[in-house]
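K.L.:
structure, please.
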Amino acid sequence: MGKELEKLARWNKSWIAMVLLVAMLGLSACGGGSTVSDNNPAVGESSQNNTQSSGNSDSNANSTNNSTEEAPQAAYPLTLTDATGTEVTFDKAPERIISLVPSETENLFAVGAGEQVVGVDEWSNYPEEATAKPKVGDMNTNVEAVLALNPDLVITSASMTKEVIDQLRELNITVFSSNPTTLDETITHMEQLGLITGHAEEASKVAEEMRQAKEQVVNTVKDAPKKKVYLEYYAGYSAGQGTFLDELMTLAGGENVAGDEQGWFEIDPEKVLESNPDVIVYPNMGDDKSLLEGITSRPGWENVEAVKNDRLIAVTEDPLVRPGPRLTEGLLELAKAIHPDLFK
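P.N.:
Presented below is the predicted three-dimensional model:
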């Protein structure tokens with residue numbers, strides 16, 4: 001399953017990496033000697049980080065309700081259990097952070113810790129400031145480059161190969177691994193990063209904006225008839241139960257026609273044809289129309305409602321697959337694709 005996850009991480013490039021990754025490993029990500037994954041897209045394959053703090057720093061509970069509570073503040077030393085089950089203690093806010101996955105890079109900048117970031121992976125292309133940071137590898141982490149930047153914290157995905165995480169820790173590098181697998185867990189993780197980096201107030205604001213954005217979408221579509229949606233993220237592959245995309249389609253007022261499948265899988269074209277989706281969603285790949293052409297050229301698919309009614313919608317890549325601050329932007333874009341009449 002590992003190589004399929006890589007495709008998800010590199011959606012903005014070719015979408016090919018994720019299909020191969022998910023096929024090999026249940027959990028995978030950026031790592032030395034292994035393929036890269038921005039995140040572990042399979043919601044059902046791992047639980048959210050268990051968080052324990054030595055101070056009064058509990059993150060907000062998963063919720064879409066507006067919160068008026070004061071933002072939590074980190075009390076150092078701060079001890080948290082990361083997604084690998086490892087307790088990590090922070091004596092103070094880290095000053096030299098390296099991010100090995102694009103989603104965490106976005107998260108760090110979003111909570112106001114961008115100036116503390118001294119290195120990123122090759123695929124960290126957002127925000128623009130991140131592209132100027134020194135690179136420490138693409139599909140393989142360059143451990144020597146990491147050491148040269150003298151980090152006091154490396155942020156990874158728990159889906160990274162265990163060997164890479166262990167190697168960094170054996171070199172006395174503080175590593176914190178995350179693995180949010182739902183939208184709510186992503187929001188909570190944002191608050192967690194705020195505590196770690198000393199930007200709890202900024203993180204709380206981002207988290208609240210995301211909760212409000214989710215609530216707005218959910219409330220807008222709650223009374224609308226469900227639309228049958230088929231999403232093809234790579235030629236012949238779709239997302240079933242236990243994935244970010246399945247959750248987002250549901251929140252956006254859709255019924256995933258692949259929802260009876262698990263994880264990331266190769267489709268049966270006949271089964272999709274029988275499900276007769278109202279909307280077909282696929283990634284916007286710029287001038288490359290091969291994916292769209294492949295969908296519309298399948299035998300019999302000219303009779304699918306989505307094809308007959310020209311309801312094949314290209315969506316922006318990264319916001320939908322990176323568990324970070326733009327995930328609710330992806331949710332809104334999906335909702336507009338599924339229920340355009342409700343979002344003017």
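K.L.:
and the gap between the residue lying closest to residue 238 once chain neighbours are set aside and residue 208?
P.N.:
Leaving aside its sequence neighbours, residue 238 sits nearest to residue 258 (C-beta to C-beta, 6 or more residues apart in numbering; 4.4 Å). All C-beta spots, glycine's among them, are computed from the backbone N, C-alpha and C. Taking C-beta to C-beta, to the nearest Å as the measure, residue 258 and residue 208 are separated by 32 Å.
K.L.:
so which of these two has more stuff around it?
P.N.:
residue 258 (27 against 19; other C-beta atoms under 10 Å).
K.L.:
just give the number of residues close to residue 303.
P.N.:
By other C-beta under 10 Å, neighbour count at residue 303 equals 10.
K.L.:
now the strands: where do they sit in the stretch 201-344 of the chain?
P.N.:
Listed in chain order, the strands of the stretch 201-344 of the chain (DSSP state E, counting those that start in this stretch) span residues 227-234, 237-239, 254-256, 264-266, 279-283, 312-315.
K.L.:
restrict the fifth one to CA atoms and write it as PDB.
P.N.:
The C-alpha atoms that make up strand 279-283 are tabulated as PDB, following Å, rounded to 0.1, in the frame of the first residue of the first chain:
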ATOM      1  CA  VAL A 279     -21.000  14.000 -10.300                       C
ATOM      2  CA  ILE A 280     -17.500  12.900 -11.300                       C
ATOM      3  CA  VAL A 281     -14.600  14.700  -9.600                       C
ATOM      4  CA  TYR A 282     -11.000  14.400 -10.700                       C
ATOM      5  CA  PRO A 283      -7.800  16.500 -10.100                       C
END
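K.L.:
okay, now the unreliable bits of the stretch 201-344 of the chain?
P.N.:
Scanning the stretch 201-344 of the chain with the threshold set as pLDDT under 70 gives no residue ranges.
K.L.:
which parts of it are helices?
P.N.:
Read by DSSP state H, counting those that start in this stretch, the stretch 201-344 of the chain holds these helices, from start to end of the chain: 244-251, 269-275, 290-296, 305-308, 318-321, 327-338.
K.L.:
try the stretch 1-150 of the chain
P.N.:
Secondary structure of the stretch 1-150 of the chain (DSSP H, counting those that start in this stretch): helices at 2-9, 16-24, 102-110, 143-148.
K.L.:
ranking these by mean pLDDT, which is last?
P.N.:
Mean pLDDT per stretch puts helix 16-24 lowest among the helices of the stretch 1-150 of the chain, at a mean of 37.
K.L.:
which parts of stretch 135-144 are buried?
P.N.:
136-137, 139-143 (16 or more other C-beta atoms under 10 Å).
K.L.:
dump the residues you listed into a markdown table; add distance to residue 104 as well.
P.N.:
Shown next, in a markdown table, are those (distance: C-beta to C-beta, whole Å):
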| residue | distance to residue 104 |
| --- | --- |
| 136 | 13 |
| 137 | 14 |
| 139 | 16 |
| 140 | 17 |
| 141 | 13 |
| 142 | 17 |
| 143 | 18 |
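K.L.:
among these, which pair sits farthest apart?
P.N.:
Longest distance between any two of these is 14.0 Å, between 139 and 143; criterion C-beta to C-beta.
K.L.:
returning to that earlier point: quick check, nearest of the buried residues of stretch 135-144 to residue 149?
P.N.:
residue 136 (7.0 Å).
K.L.:
that older thread, nearest to residue 232, of the helices of the stretch 201-344 of the chain?
P.N.:
Per C-beta to C-beta, nearest to residue 232 of the helices of the stretch 201-344 of the chain: helix 290-296, 6.1 Å.
K.L.:
and the closest one, how far from the chain's centre?
P.N.:
Here the centre of mass of C-alpha atoms in helix 290-296, compared against the chain's by C-alpha atoms, centre = their mean, to the nearest Å, lies 25 Å away.
K.L.:
and that helix, C-alpha only, in CSV?
P.N.:
Once side chains and other backbone atoms are set aside, the C-alpha atoms of helix 290-296 remain, and they are given as CSV (Å, rounded to 0.1, in the frame of the first residue of the first chain):
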residue,chain,number,x,y,z
SER,A,290,-5.4,12.4,-20.1
LEU,A,291,-7.3,11.5,-16.9
LEU,A,292,-10.5,13.2,-18.1
GLU,A,293,-10.2,11.6,-21.5
GLY,A,294,-9.7,8.2,-19.9
ILE,A,295,-12.8,8.7,-17.9
THR,A,296,-15.1,9.8,-20.7
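K.L.:
in it, which residues are buried?
P.N.:
Applying a neighbour-count criterion of 16+ other C-beta under 10 Å, the buried positions in helix 290-296 are 291-292, 295.
K.L.:
packing partners for it?
P.N.:
Using 3 or more C-beta pairs under 8 Å, 6 or more residues apart in numbering; DSSP states H and E as the contact criterion, the secondary-structure elements in contact with helix 290-296 are strand 227-234, strand 279-283, strand 312-315.
K.L.:
pull out the buried positions in the last one.
P.N.:
Residues of strand 312-315 classed as buried: 312-315 (neighbour count, 16+ other C-beta under 10 Å).
K.L.:
re earlier: pipe the helices and strands packed on helix 290-296 into JSON lines and attach distance to residue 338 per row.
P.N.:
Conversion of the helices and strands packed on helix 290-296 to JSON lines gives the following (distance: least, C-beta to C-beta, whole Å):
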{"stretch": "strand 227-234", "distance to residue 338": "5"}
{"stretch": "strand 279-283", "distance to residue 338": "5"}
{"stretch": "strand 312-315", "distance to residue 338": "8"}
